[in-house]
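Peer 1: generate coordinates for the sequence data below:
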Amino acid sequence: MESRLEIGRRVRREVLGADHVAAAEAAQTPLDADFQRFITEVAWGSVWARPGLDRRTRSLVTIAILAALGRDELALHLRASRNTGVDPQEIAETLLHVAVYAGLPAANHAFATAKAALGAPGAAPPGSEGGRP
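Peer 2: Numbers count the residues shown, from 1 in each chain. The predicted structure follows:
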């Protein structure tokens, strides 16, 4: 039987991509080793591995929460959404929902992040002139 850590490593690689996970593991130090194990076991091995929501739905929920909170991990999860079957139009709909429930500035920043992360033509990084309404 797979341990939570093993499940978490597998799910994390499937969602975020093997290259990202390998880079994150290579950057691990004794300072954050326990924290990285915690993330892998709890977020990926417990929550993301649960059967109640499919990965596409979990991805959209994660994008909405990170957008609402203005977290740096948003770009990572926007890119990872390609691995979970999320369509860019679903991201746009999710971010419109964020605008209503979390505010226009949060959604504006998230749209700019999405354009940059998903490689939209003419996309400007968040905080630049192109990220303003």
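
Peer 1: burial of Glu9, as a residue count?
Peer 2: Careful, residue 9 is Arg and not Glu. Residues lying near Arg9 (other C-beta atoms under 10 Å) number 18. Yep, even glycine has a C-beta here, placed from its N, CA and C like the rest.

Peer 1: over to Arg58?
Peer 2: The number of residues near Arg58, taken as other C-beta under 10 Å, comes to 19.

Peer 1: what separates the nearest residue to it once chain neighbours are set aside from Ala120, distance-wise?
Peer 2: Using C-beta to C-beta, 6 or more residues apart in numbering and skipping residues adjacent in sequence, the residue nearest Arg58 is Trp48, 6.0 Å away. Applying C-beta to C-beta, to the nearest Å, one obtains 27 Å for the distance of Trp48 from Ala120.

Peer 1: over to Ile39?
Peer 2: From Ile39 across to Ala120, the span is 29 Å (C-beta to C-beta).

Peer 1: with adjacent residues omitted, what lies nearest to Glu2?
Peer 2: The spatial neighbour of Glu2 that comes closest, neighbours along the chain excluded (C-beta to C-beta, 6+ apart), is Arg10 at 7.5 Å.
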